[in-house]
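**Q** everything below, folded, please.
(chains A, B and C)
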Amino acid sequence: MSFLKIDNLSVNYEMRRETVHAAKNINIDVNRGEILGLVGESGSGKSTVGNAIINLLDEPGKISNGSIILDGINILANPENIIKYRGKKIGLIFQDPQTSLNPILTIGEQLIETIQTHLSLNFNEAKEKAVNLLKEVGIKEAESRFNNYPHQFSGGMRQRVVISLALCCEPELLIADEPTTALDVSTQSQILDLIKRLTKEKNLAVILITHDMGVIAETTNRVAVMKNGDLVEIGPTKEILTNPKEVYTKSLISSVPPTNKKISRFKIIEKENKTQGETNIKILNRWTKKEIINQDLVQVKNLNKTFDDSFFTETSKNSVMAVNDVSFNIKEGESFGLVGESGSGKSTIAKIIVNLYRPSSGDIFFDNVCVTKIKSNKEMMKFRKQIQMIFQDPYSSLNGRLKVKDIISEPIKLHNPSISSKDLNDYIYDLLESVELTQQSAERYPHEFSGGQRQRISIARALATQPRLLVCDEPTSALDVSIQAQILNLLKDLQEQLNLTILFISHDLPVVRQMCDRMAVLKNGKLCEVSMTEELFKNPGHEYTKELLKLMPKIESIYN
Amino acid sequence: MLVVAFVSFSLFTFVGDPINNMVGEETSDEERAELRETLGLNDPVYVQFSRFVINASQGEFGISYQLRRPVSDLISERLPATLELVIISALIALTSGTLLGVYTGINRKGFLSNTILALSLLGVSLPTFVIGILFIYLFAVILGILPSFGRGEVVDLGFWSTGFLTISGIKAIILPSVTLSLFQMTYIIRLVRAEMMEILQTDYIKFARARGINEKSIHYKHALKNGLIPVITIAGINIGTLVAFSIITETVFQWPGMGFLFIQAVKFVDIPIMSAYLVFIAFVFVMINFIVDILYYFIDPRIRVKAEAVSG
Amino acid sequence: MDNQGLTLLNRIKDSDIYFSFIKSPTAIASTIILLIIFFCSFFVEVVAPFNPFDPSSLSLMDAFTPPSWSEDGVAKFVLGTDGQGRDMLSTILYGSRISLIVGFSAILFSLILGVTLGLTAGYFGGKYEMIVMRLTDVQLTVPSILMALLVDGIARGIISKELHNEMAIYVLIFAIGISEWPQFARVSRAATLVEKNKDYVSASIIIGVSNPVIMFKHILPNILRPVLVIGTIGLALAIITESTLSFLGVGVSPTTPSLGTLIRIGNDFLFSGEWWITFFPAIFLVILAFSINLLGDWMRDTLNPKLN
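**A** The predicted structure follows:
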């Protein structure tokens, strides 16, 4: 008999105009000593299920049907009793360690409060237990750190504190909702190892909610796949990943960028089990393709950028050296990747190349002209035309108050002021079709489109001035993995047919492997190494690169 | 502070000709010139300014145009009245405002909550003077239990005169202080409520619930303490606003305080009083800001740690 | 084009704002009340039963008539008359027009000044932003009443008495406007900072769009929502401030009385029993302010994405 059995669970959200069925007839079971992964894209309902178990649904969510049987008892029968289970029998941890802790209480106070709520221990006993727990989760100098405040811990350490809080009253079920998504790769692997260890040592039943297939492959024993509130498949992880039965699972797995090889296109399995073909790039007709001479289109020389916190503070105390003596070249026509974790400086470099920031020192050469030294606006406009950018957040990259056609026409009208109205419309339609959107999209507003479609609009806008260099700043990091595959395929097609040079920035190594011919690795503003992508993956030179490659979650690990 | 002093000073010097305001029509030109000389109005501007600052810091503001008495005397006479009024009002507004704000923040949907909210909205729409008139009419004219003007009997404690020690003094202060506090109270209620509601939606509250902490602890220990932080800033500014609004209340109730003095000054363009009032107000605000900063240091650990890190 | 107009109407009907408006009785009620008041004030010459400023129509015999429903009341003076024989209803309507004109103009002045400064400060940053923000900080610690009083006082000192009487309205508008602009500047700057960091602004910069175009075509429409909320609530405050100043005797000149002036005049008669002379203008003022505040409150709740 499984420790936790979710039977026919349905959860509804009564919104203003409609009822959203976040979870429909979910049947899941978990045993002690095993980690069940709950995987799905955004809107799948995986977080909803996690919240429902502990009856902490955000308003206006309600459990409309079903039962949750924990250790033989149906805890939904009497919802008020749930309070007794929270913390004592069930522990829950969230994604963002920064916001999970009360900023004005010490972690010691928060631990003792939780312990004394459920266990009848006096202050000293509780303190002893708390300190031991901190040691167990790997916090050094637990005794003294007991009296620290949350903001005095780093991200990874904070998540360990959160875990200790969730486990301090020795629950038997742990629900972890995207526990490592906000952490960088090395911290992520430590936290996942910690969870695996605690599962074994304390014989916990664990539900690990995530969207990352690599994490699933490396951490979970069994996995449940969800889509739009439905449970698609459930079974042992190895089986599901190597031999999926449902079409959705197949397409989900095939969208994940492989970590161990380079493929030319992502196989996107559509409904009739066909793979997606190449895009028809209509604006090819208007594009004046330049011959590719094997030259360096972009040269970055000794780039430095320091940010000062505020106008009046002494520069030394609060300044951050975001970019530290970085130099590299990008050849015309190639796809160059810039990889690093958060704080590595990759975004800053991109913004300097497109002239959003000025460097503190160093130069950028574009087509052998020093861009950083340009002072006049007219000169600058010539370069603005040739360098364009697409961004990470599909929601903030489009002005919600403008129609799509106005968003796309802005660059066109600015650089071709004498274009006729008819030509303008034709051009806009061609651009939209080239990114696989319909002509009718021109009359709509951004909020009517999904995240993936918005990125397509951004791409259309970026292509409007016929740039030679397209800078892509984490363009798919905020998208679901299946949408990501489609957008990456689109970018590949565009590059090939339009002879674009692409600077691709990401923290996601497998994606960069698929997209880029050459790449550079950054850490804390410094360049670690630059080389051909395949070479870097097979024979990494720098220690940091080796560590990144070792620690990144790989879906292929399931085959080991 | 210096900026304010400069503004005051400019008022003094450039607005209107002080001589004209001080003397009657019949004074001859010679006499005017003499007066100008004695008052030092012919000296260069910076000399006049420094004299002003020196005098001001010693509490010497010159002579009121209209009332022909030294301004500093007038101020010290009226100051206790205003301060007592403001202090009582502040207490009323802060305590009841916070209590009601917390209650409506926690119980978002109850009938009592909604009533309080509706009343608070009404409170913001009622100008202070209307409230004052209403109270006077109700309690003084119809019910006749509270006095409608003045301060009642006052006990003179040397440099301070207080109305707290006499029955009539206490009776007299009730209506004006409640009137004065009403506007601020409603503002505080809405502010505290908004704060509480926002905090109760945060992740750390959700996490606390997930750990089984009971609702009462969550409301008072976790939420309220966090909620008080912004309230303190507002409370500080509030006291300043109270001082300003006391102008109105004092006029309606004919309370012999500084506000009443100021209004008369504006009507009769009595510059010395106006500039003195300005300096006084500025001083009060600077003090309040200072106190608020100190309070912040004690309440928010993030600021404490940062300060220690910088100095240590 | 008809087509465009129709789609705009449809867009409004489909929007969330309309939806929550229809569902909120307070919003509907307050809007109706306000529309009635605005209409009456605008067309007061037509709507009011009498013209209280025409000396020929006045007769001291009518003075101190109580409201029509009381014993000595008369049907034609619905709300009674004041000490000079003027019909209360008419004087209130004329008075509300003055109050509304001053309130609206002052807020409009504040809004334009505050939003321009706030928007440019947030966008350009640097020393300019610092100076503007310090200015708002300093002025925000001074309550608006005080500010308005000060400006008014200075004006009296500078301008001669007769000129001041004529210009009283403009001085008042300026005084109240000056006292409220920091609120708009603060909100605009904060909202501008948020928008400035959004990628669509970066995209426009990369395309090469000039700064003024970015500020007014892209950022301004996106910061209007919070500005509108502050504007509505500020309007109520401006009207109250004006009536307070008039009550204190330092507002509009007595020849063009606003609601505040009326209340002050009526106050003198309160103790001798003619309560209606101050009561009705006061009630009217409160209803006006309350409706505006209700509307502003509803706007704040609807336009706030966080509160569900």
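**Q** for the chain, where's the lowest mean pLDDT among helices and strands?
**A** No chain was given, so I picked chain A. In chain A, the helix or strand scored least confidently by mean pLDDT, DSSP states H and E is helix A:315-318, which has a mean of 48.
**Q** excluding its backbone neighbours, what's nearest C:Ser214?
**A** Heads up, residue C:214 is Ile, not Ser. C:Ser204 (5.3 Å; CB to CB, 6 or more residues apart in numbering or on different chains). Just so you know, the C-beta spots here come from the backbone N, C-alpha and C atoms, and that holds for glycine as well.
**Q** wouldn't that neighbour be in contact with C:Pro212 here?
**A** No. Checked against CB atoms under 8 Å, the pair C:Ser204 and C:Pro212 is beyond contact range at 11.9 Å.
**Q** ok, these two, which is more surrounded?
**A** C:Ser204 (23 against 10; other CB atoms under 10 Å in any protein chain shown).
**Q** C-alpha coordinates for the helix or strand hosting that one, PDB please?
**A** For C:Ser204, the host element (DSSP states H and E) is helix C:199-207. The C-alpha trace of helix C:199-207 is given here as PDB (Å, rounded to 0.1, in the frame of the first residue of the first chain):
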ATOM      1  CA  ASP C 199      13.000  45.100 -22.900                       C
ATOM      2  CA  TYR C 200      10.700  46.900 -25.300                       C
ATOM      3  CA  VAL C 201      12.400  50.200 -24.400                       C
ATOM      4  CA  SER C 202      15.800  48.600 -25.000                       C
ATOM      5  CA  ALA C 203      14.500  47.300 -28.300                       C
ATOM      6  CA  SER C 204      13.500  50.800 -29.400                       C
ATOM      7  CA  ILE C 205      16.900  52.200 -28.300                       C
ATOM      8  CA  ILE C 206      18.600  49.600 -30.300                       C
ATOM      9  CA  ILE C 207      16.500  50.300 -33.300                       C
END
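**Q** who does it touch, helix- and strand-wise?
**A** strand A:387-390, helix A:404-415, helix A:451-463 (3 or more CB pairs under 8 Å, 6 or more residues apart in numbering or on different chains; DSSP states H and E).
**Q** where does pLDDT dip in the chain?
**A** In the absence of a named chain, this looks at chain A. A:1, A:269-281, A:283-284, A:290-292, A:294, A:308-319, A:560 (pLDDT under 70).
**Q** that answer is for a different chain, and I need it for chain B
**A** In chain B, residues with pLDDT under 70: B:1-72, B:141-142, B:144-166, B:168-169, B:269, B:271, B:279, B:282, B:286, B:299-312.
**Q** strands along that one, start to end?
**A** B:155-156, B:161-162 (DSSP state E).
**Q** dihedrals phi and psi, the residue of the stretch 151-300 of chain B at minimum distance from chain A?
**A** Nearest residue of the stretch 151-300 of chain B to chain A (CB to the nearest CB) works out as B:Gly212 at 3.3 Å. Dihedral angles of B:Gly212 (phi, psi; degrees, to the nearest 10) stand at phi 90, psi 10.
**Q** now it: closest residue in space, sequence neighbours ignored.
**A** Closest to B:Gly212 by CB to CB, 6+ apart is A:Gly87, at 3.3 Å.
**Q** I'd say that neighbour and A:Thr117 touch.
**A** Yes. Contact criterion CB under 8 Å: A:Gly87 and A:Thr117 qualify, at 6.8 Å.
**Q** the two: who's more crowded?
**A** Neighbour totals were compared for A:Gly87 and A:Thr117, and A:Gly87 leads with 27 against 19 (other CB under 10 Å).
**Q** backbone phi and psi for that one, please?
**A** Torsion angles, degrees, to the nearest 10, at A:Gly87: phi 90, psi -40.
**Q** which ones are touching residue 147?
**A** The chain I'm using is chain A. By CB atoms under 8 Å, 6 or more residues apart in numbering or on different chains, the contact list for A:Asn147 reads A:106, A:108.
**Q** to clarify, I was referring to chain C.
**A** C:139, C:175, C:178-179.
**Q** swap the cut-off to 7 Å and go again
**A** By CB atoms under 7 Å, 6 or more residues apart in numbering or on different chains, the contact list for C:Met147 reads C:139, C:178-179.
**Q** neighbour count and secondary structure added to those residues, as JSON lines?
**A** Listed next are those as JSON lines, based on neighbours: other CB atoms under 10 Å in any protein chain shown; DSSP: H, G, I helix; E, B strand; the rest coil:
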{"residue": "C:Gln139", "neighbour count": "17", "secondary structure": "helix"}
{"residue": "C:Ile178", "neighbour count": "19", "secondary structure": "helix"}
{"residue": "C:Ser179", "neighbour count": "25", "secondary structure": "helix"}
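**Q** what residues does the stretch 51-200 of chain A put near chain C?
**A** A:Glu59 (CB under 7 Å from any CB of the partner chain).
**Q** in the stretch 51-200 of chain A, what residue comes closest to chain C?
**A** For the stretch 51-200 of chain A, CB to the nearest CB, closest residue to chain C: A:Glu59, 6.4 Å.
**Q** beyond the helix or strand harbouring A:Cys472, next helix or strand please.
**A** Using DSSP H and E, A:Cys472 falls within strand A:469-473. Next along the chain after strand A:469-473, taking DSSP H and E as the criterion, comes helix A:481-498.
**Q** neighbouring strands for the helix or strand following that next one, and are they parallel or not?
**A** With elements assigned by DSSP H and E, the helix or strand that comes after helix A:481-498 is strand A:501-506. Take DSSP bridges as the rule and strand A:501-506 pairs in its sheet with strand A:335-339 (parallel), strand A:469-473 (parallel).
**Q** and the helix or strand that strand A:501-506 is followed by, what does it pack against?
**A** The element immediately downstream of strand A:501-506 (helix or strand, assigned by DSSP H and E) is helix A:509-515. If you count contacts as 3 or more CB pairs under 7 Å, 6 or more residues apart in numbering or on different chains; DSSP states H and E, helix A:509-515 packs onto strand A:335-339, strand A:501-506.
**Q** CA-only coordinates of the longest one, as CSV, when you get a sec.
**A** As requested, the backbone C-alpha atoms of strand A:501-506 are provided in CSV (Å, rounded to 0.1, in the frame of the first residue of the first chain):
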residue,chain,number,x,y,z
THR,A,501,25.7,36.2,-37.9
ILE,A,502,24.3,35.2,-34.5
LEU,A,503,25.6,35.9,-31.0
PHE,A,504,23.7,33.5,-28.7
ILE,A,505,23.8,34.0,-25.0
SER,A,506,22.6,31.4,-22.6
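**Q** can you give me how far that strand is from the chain middle?
**A** Relative to its parent chain, strand A:501-506 has a centroid offset of 17 Å by CA atoms, centre = their mean, to the nearest Å.
**Q** how about the contacts made by residue 227?
**A** Reading this off chain A. Per CB under 7 Å, 6+ apart, neighbours of A:Lys227: A:40, A:44, A:248.
**Q** not what I meant, chain B
**A** B:192, B:195-196, B:199.
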